[in-house]
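Colleague: Below is the structure, and that's it, no one-letter string:
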């Protein structure tokens, strides 16, 4: 026994000796050489490189002078003396000097030199060498590369937002408090996130908030405007300084976003104002408060940028936007810079959302030269890598107006919550940003759960972090923001290896996973761009659509850019049906083509993920969640395809009046529902929700009021009822009572309200709707006949807008008629794409379209505004409209197309699914 123990001890000593010998082998000893006073970015890069070397068995020491030869890594700027000496000592030369954020890594005589054009370039050079070590398992024997990014700005964003509105507050109004955002105060979480950005070579981070100033600065002239207590304010300042300091160390520029015009709640209450009012003109005290808030912010956080959203919280395009930018925001920035004694102009990023950005730039540039622009890539979705039309033209125009034009991959309302990692789609999208949109910056939203960050929607015992779950989303966009011209075959190999490493399988199975990502990655973009209502986050595409929305999307506020800019040239369902009936040739991508495509792609994604399953040895739980997502994509694709096929047959029936078309549609709708049942089953235990914004701004397929209608299980009964109604109404068509069943008799009556100083007219043929314009009624939808409308001056509406004061003892609805025209003289219909307050009164949806025929004027669509009992004011923006009456809120207003226009009647199909 003693002999055995002695032998074991000897063996242990021998093994330790071998290990020490290996550790002391010349090839495993590395000396990192930096200058003594390196910048924080260079020190961070050197530390990350040292960590990677140690992880692969190297013994690392750091010195600050070039005193040793062999197994050294010299790190610094191109012009640092220590780098010049290292080049000379090792006889290193390179033909191309790297530019901004660029680096060169060269080796000779077992020595490596990392030289950067600037501090960020050195940092990226260190991270690149660390990646080479991880890929090869050791320091490369020979290396000679130079590289620099193609996109000037490469950023991600975090919303300081929540899924629901806070009590008594409007959209985007979320003070920075531990109760609202406990994660904001988690330094370890921030460091993880910032490290991930640095690893992906991202150089900017945008924090989106409605009015951050009242949580982050004190304004001397408005001390009461602060909306957090003193202790929280001190925490916020400390956290914000920590965040900006740590971000800068990693080469990341923090940019604070804010909306206009929003003020803090205590400021609003003190001055008897609303926190935000889209139709309010600029008020001097609000302008003064905002200017001084911006100045205070610039003084307190001089290295933080500003992202300006002029639109949405103030009336869209117009002189107010220009005045607010040039007389409030820019002067506020300049006041802050002046107080700091600075004469430079740090960039201000102007977001081209709900504003005329070219006009804003025209008037702002003489005052402030360093202006960047930002514009959404595919709206609030991901739909295409072939942008064209007016939206692409606006991108091109903006790219010529400033040094940097940033593509904002925004919200992704058609992707959440399922995983997305289509590398091919993303690479082509970044190429389109360069080649078509002519941009040189990129800004990436979280792939899903923006409103619920930092968590994903997955139903797990411990909430998954979105940045971990969607690692491939960030890595793909970042890789192509750096260089989008990489060889495609090489990229397939690269990503196959990345996925094989993550899931512990071989490269062929890694390629299968990539195939699943890429096949499924075509499904959501194609569905939205051919069948959708909008590219905005009012539509949760993965929850499906109703038959009425597919058959008559105009009734639900069809967003035209989705079809004329954000996809390849092609046809909508209604266009396809009309051409089929007329035997005309089709153009571009057709709905039928997409139906076939998405079914094939869903099937291919499932087959590919199944092929990979047997080889998975690492992170099996996450792989199973990814696999379930592929099955979800497949079920969703089939559900949409068969429902769209049913919709085409219903549209054909509008022309044919042949009931056999409806009979053919029925089995398609039944098949669609069966696949939707699969989708509900697949998501029932795997997801908490489909959409992370759970407010009344969500409208399609159904309203999201009070956090409802956010899961597939909730939607399933609605789609079942839709099918049941369709069956019943087909039967009714075959009966003698068909005509009676089609008509729903409703007669609206005036509510009891008190209105002073207004003139009225009766909704009947021959009546005049304006005090100063002919506007004679020719025809009225029967439900409206006899109501008492309110008469205004059309010219005054166009110049000043419309305002009505009234008192009511019961809840009421005001019927507002919007002219179906984009002409600037008319008030534009509520649009949630550009106005987050566009459903505060339940006004977002059209109730009766083409409801009144007025001589010489466009068709009229009715929206309703609901008011509680009391003294009320309805304020509308500039532009002509008609006020058609006030009815009790309990009145059932039908949703349909009355077909009244000067161009002819439209056949009403509403009853088929009701």
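Modeller: Ah, there it is. Just so it is clear, the structure is predicted and the values come from calculations on it, not from any experiment. Numbers count the residues shown, from 1 in each chain.
Colleague: Roughly how far does residue 537 sit from residue 791?
Modeller: To residue 791, residue 537 is 38 Å away according to Cβ to Cβ, to the nearest Å. For glycine as for every other residue, the C-beta is placed from the backbone atoms N, C-alpha and C.
Colleague: Those two: which is more packed in?
Modeller: Taking other Cβ atoms under 10 Å, residue 537 and residue 791 do not tie; residue 537 has more neighbours (26 against 18).
Colleague: Residue 384 against residue 564, yeah?
Modeller: No: counting by Cβ atoms under 8 Å, residue 384 stays clear of residue 564, with 11.8 Å between them.
Colleague: who has more neighbours, the two?
Modeller: When residue 384 and residue 564 are compared for neighbours, residue 384 comes out ahead with 23 against 13, by other Cβ under 10 Å.
Colleague: ok but that one is inside a helix, no?
Modeller: No: judged by DSSP: H, G, I helix; E, B strand; the rest coil, residue 384 forms no part of a helix; its state is coil.
Colleague: Name the SS class of residue 821, please.
Modeller: With three-state DSSP as the criterion, residue 821 reads coil.
Colleague: In space, what's closest to it - neighbours in sequence excluded?
Modeller: In space, and not counting its chain neighbours, residue 821 is closest to residue 858: 4.2 Å by Cβ to Cβ, 6 or more residues apart in numbering.
Colleague: ok, now how distant is the one you found from residue 882?
Modeller: Distance from residue 858 to residue 882, by Cβ to Cβ: 11 Å.
Colleague: Which helix or strand lies directly C-terminal to the lowest-mean-pLDDT helix or strand in the chain?
Modeller: For the chain, scoring each helix and strand by mean pLDDT, DSSP states H and E identifies helix 2-23 as the least confident one, at a mean of 39. Note on helix 2-23: by DSSP states H and E, the next helix or strand toward the C-terminus is strand 29-33.
Colleague: Please tell me how far that next one is from the chain's geometric centre.
Modeller: 45 Å (Cα atoms, centre = their mean, to the nearest Å).
Colleague: List the buried residues for the helix or strand following that strand?
Modeller: Downstream of strand 29-33, the next assigned helix or strand under DSSP H and E is helix 40-55. Neighbour counts over helix 40-55 (16 or more other Cβ atoms under 10 Å) mark 41-46, 48-50, 52-53 as buried.
Colleague: Summarise which helices and strands helix 40-55 is packed against.
Modeller: On a contact count with 3 or more Cβ pairs under 8 Å, 6 or more residues apart in numbering; DSSP states H and E, helix 40-55 meets strand 29-33, strand 59-63, strand 72-77, helix 119-136, helix 230-249.
Colleague: Save those as TSV, and put in mean pLDDT and distance to residue 801 too.
Modeller: Shown next, in TSV, are the helices and strands packed on helix 40-55 (pLDDT from 0 to 100; distance: least, Cβ to Cβ, whole Å):
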stretch	mean pLDDT	distance to residue 801
strand 29-33	95	66
strand 59-63	95	67
strand 72-77	96	58
helix 119-136	97	49
helix 230-249	98	38
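Colleague: closest one to residue 555 among the ones you listed?
Modeller: Taking Cβ to Cβ, helix 230-249 is the member of the helices and strands packed on helix 40-55 nearest to residue 555, at 45.5 Å.
Colleague: Return the list of helices and strands in contact with whichever helix or strand comes after that closest one.
Modeller: Reading on from helix 230-249 to the C-terminus, the next helix or strand found by DSSP H and E is strand 253-260. Applying 3+ Cβ pairs under 8 Å, 6+ apart, one finds that strand 253-260 contacts strand 153-159, strand 204-208, helix 230-249, strand 305-312.
Colleague: Strand 253-260 pairs with which strands?
Modeller: Within its sheet, and counting by DSSP bridges, strand 253-260 is paired with strand 204-208 (parallel), strand 305-312 (parallel).
Colleague: Would you reformat those as TSV and include mean neighbour count, distance to residue 471 and mean pLDDT?
Modeller: Formatted as TSV, these follow (neighbours: other Cβ atoms under 10 Å; distance: least, Cβ to Cβ, whole Å; pLDDT from 0 to 100):
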stretch	mean neighbour count	distance to residue 471	mean pLDDT
strand 204-208	22	17	98
strand 305-312	24	25	93
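Colleague: Include distance to residue 426 when you put the ones you listed into TSV, please.
Modeller: Shown next, in TSV, are the strands paired with strand 253-260 (distance: least, Cβ to Cβ, whole Å):
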stretch	distance to residue 426
strand 204-208	19
strand 305-312	23
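Colleague: Quick one, which of these gets closest to residue 238.
Modeller: For residue 238, the closest of the strands paired with strand 253-260 is strand 204-208, at 15.9 Å, according to Cβ to Cβ.
Colleague: now what about the following helix or strand past the closest one, what contacts it?
Modeller: Of the helices and strands lying after strand 204-208 in sequence (DSSP H and E), the nearest is helix 213-216. Under the contact criterion Cβ atoms under 8 Å, 6 or more residues apart in numbering, helix 213-216 has outside partners 175-177, 219, 225-228, 232-233, 236-237, 240, 258, 263-264, 266-267, 293-294, 296-297, 300-301.
Colleague: From the residues you listed, which land in helices?
Modeller: Counting by DSSP state H, the contacts of helix 213-216 place 232-233, 236-237, 240, 266-267, 293-294, 296-297, 300 in helices.
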